[in-house]
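[1] Sequence first, predicted coordinates after that:
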Amino acid sequence: MTTTGDDRVLFDVEYDKRIATITLNNPSQRNSYDAAMRETVGRCLELVAEDDDIVVVVLRGADGVFSTGADMNNAYGWYGKADGSAKDPANAQAKSRPSQRRRLAVDRKSFGFYHNLMGFPKVTVAEISGYALGGGFEMALMADIAVIATDTKIGMPATRFLGPALGSLHMFFHRLGPVLARRLLLTGDIIEAATIEHLGVFTDTCEPAAVSARARYWAEKVAKMPADGVVIAKEAFRLVEQSQAYQGEEVASYLFHAYGTNLQFAPGEFNFVKTRAQHGTKEAFRLRDEHFHVPEP
């Protein structure tokens, strides 16, 4: 096991198999991640990209959960301190939200991680179980090969408090199809992977107990391919997707996300950040789900 400097991210390389493994190791928070944790994952991916002896990287989460995405315990903490807090403490309270320019700068950097993963030069295999929500769902969809448990909860619930123009829109429409993408983004619904198995969104949908073994099977299968051929193929795949599906993605993703984090809420609409400040994160999530629940006829 290679030390990453952050025990919430584990990194291991099996050179005899030509396989690396990155494990999100924050189980107490369902493997959600903050900016520092995501940057550590990014550094591990760079090590894989630069190592000629690695062909495949497996992305997984500890304790049977892939990832619930960005840690929302401090929603604006991703953007640093409030405007003016460093230079003008007296003005800090007047500006409780980050400026639009700050949002754009941070989101441009944040989405660089997802763009790099989407165009990663080595093969990515995702071992998905438990939950794959928000950024965790995006990573699952970006993987070249994704093995998912039938009972895994997937979706983009953050659209319920940041708006539907959230995340890598081009990727959602390309991988999910326009009908399912609209459904998940416009409702924030969380669904089970088994309900969309017939759509072929994921490579392999299996019983929860089989996920690790199946992910390992696919990783070892791909690792036997010619390393140069795999890298050339990945670049060819990226060119095709960029020309056919992802034009404008690198700007649209962070631009819409930055705007989406600055919504104004009308009376009666659910404001997650305000609710979390009043009631705490756990209760805010409960109240969010209560607010958006509509009984089916």
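    Received, thanks.

[2] what's the first-to-last distance across stretch 141-152?
    The first residue of stretch 141-152 is 13 Å away from its last residue (CA to CA, to the nearest Å).

[3] So for that stretch, what gets flagged as buried?
    For stretch 141-152, the neighbour count (16 or more other CB atoms under 10 Å) marks 141-150, 152 as buried. Quick note: C-beta positions are derived from backbone N, CA and C, even for glycine.

[4] Is Thr21 in a helix, a strand, or coil?
    Assigned by DSSP: H, G, I helix; E, B strand; the rest coil, the conformation of Thr21 is strand.

[5] Val106: which of the buried residues of stretch 141-152 is nearest?
    Proximity of the buried residues of stretch 141-152 to Val106, judged by CB to CB, is greatest for Met142, which lies at 20.4 Å.

[6] measure the closest one to Arg175 for me?
    Separation of Met142 from Arg175 (CB to CB, to the nearest Å): 8 Å.

[7] What of Lys282?
    In this view, Lys282 and Arg175 are 31 Å apart by CB to CB.

[8] which one of these two has more residues nearby?
    Arg175 (20 against 10; other CB atoms under 10 Å).

[9] name the element the more buried one belongs to?
    Element membership for Arg175 (DSSP states H and E) is helix 169-176.

[10] In strands, which of the buried residues of stretch 141-152 fall?
    Secondary structure from DSSP state E places 145-149 of these in strands.

[11] Following element in sequence after the lowest-mean-pLDDT helix or strand in the chain, please.
    Sorting the helices and strands of the chain by mean pLDDT, DSSP states H and E puts helix 89-92 at the bottom, at a mean of 44. With elements assigned by DSSP H and E, the helix or strand that comes after helix 89-92 is helix 100-118.

[12] what's that following helix in contact with?
    35, 38-39, 41-42, 45, 78-80, 83, 98, 124, 135, 138-139, 142, 168, 171, 238, 246, 249-250, 253-255, 257-259, 261-262 (CB atoms under 8 Å, 6 or more residues apart in numbering).

[13] Now, those residues that are in strands?
    Applying DSSP E to those, the entries found in strands are Thr124.

[14] what about burial for the contacts of helix 100-118, which qualify?
    For those, a neighbour count by 16+ other CB under 10 Å gives the buried set as 35, 38-39, 41, 45, 78-79, 83, 98, 124, 135, 138-139, 142, 168, 171, 246, 249-250, 253-255, 257-259, 261.

[15] Keep only those of these that are in helices.
    Secondary structure assignment by DSSP state H places 35, 38-39, 41, 45, 135, 138-139, 142, 171, 249-250, 253-255, 257-259 of those in helices.

[16] Asp189: how many residues sit nearby?
    Asp189 has 15 neighbouring residues, counting by other CB under 10 Å.

[17] quick one: contacts for it?
    Contacts of Asp189 (CB under 8 Å, 6+ apart): 155, 183.

[18] quick one: it from Asp34, how far?
    26 Å.

[19] May I see the buried residues of the helix or strand harbouring Glu220?
    Using DSSP H and E, Glu220 sits within helix 211-223. For helix 211-223, the neighbour count (16+ other CB under 10 Å) marks 211-212, 214-216, 218-219, 222-223 as buried.
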